[in-house]
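Student: task: produce atomic coordinates for the following.
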Amino acid sequence: QVQVVESGGGLVQPGGSMRLSCAASGLSYEYYTIAWFRQAPGKEREAVAGFYTSDGSTHYVNSVQGRFTISRDIAKNTVHLQMNSLKPEDTAVYYCAWGGLVLNWRGKEGYDAWGQGTQVTVSS
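Tutor: Just a heads-up that it's a prediction; the model follows:
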């Protein structure tokens, strides 16, 4: 059974940077889709970045393109989300998700495991 633990998060000023990490264990598939989602108060959970281990491709939604970078540490089964030029509208609880049979990284369905969520607050 896949288990996912997130770390990072906290308070940062607008324009600042922060890195989130997501460590997985119990992996059994050869390839995984890994994604970061976020949920702001009163809003739906939305995907922000995705990574397909099958081809190493990365994907971003328009609102974070050029500011966020998703990367993978293969040896540690860990995925990072580097967030730069943070804006107040990036404030949300961030979740990572790992799925062995997920074709569409932006969809919430099909992921095998979700992290517990970590709060990111961008405020002066």
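Student: need phi/psi at the spatially most central residue of the chain.
Tutor: The centroid of the chain falls nearest to Trp36 when counting by C-alpha atoms, centre = their mean (2.1 Å). When quoted as degrees, to the nearest 10, the phi and psi of Trp36 stand at phi -110, psi 130.
Student: is it true that it touches Gln82?
Tutor: No: assessed by C-beta atoms under 8 Å, Trp36 is found out of contact with Gln82, at 10.7 Å. C-beta coordinates here come from the backbone N, C-alpha and C atoms, glycine included.
Student: okay, and the common contacts of these two?
Tutor: Phe68, Ile70 (C-beta atoms under 8 Å, 6 or more residues apart in numbering).
Student: span of stretch 88-103 from start to end?
Tutor: 31 Å (C-alpha to C-alpha, to the nearest Å).
Student: what residues of that stretch count as buried?
Tutor: Using 16 or more other C-beta atoms under 10 Å as the test for burial, stretch 88-103 gives Asp90, Thr91, Ala92, Val93, Tyr94, Tyr95, Cys96, Ala97, Trp98, Gly99, Gly100, Val102.
Student: which residues touch the residue nearest to the centre of the chain?
Tutor: 20, 22, 47-50, 68, 70, 79, 81, 94-97.
Student: who does it form a beta bridge with?
Tutor: Ala49, Cys96 (DSSP bridges).
Student: Provide the backbone phi and psi angles at Pro88.
Tutor: Torsion angles, degrees, to the nearest 10, at Pro88: phi -60, psi -30.
Student: what sits against the closest residue to it other than its chain neighbours?
Tutor: Counting by C-beta to C-beta, 6 or more residues apart in numbering, Val122 is the residue found nearest to Pro88 once chain neighbours are left out, at 5.0 Å. Applying C-beta under 8 Å, 6+ apart, we find Val122 in contact with Val12, Gln13, Pro14, Gly16, Leu86, Lys87, Pro88, Glu89, Asp90, Thr91.
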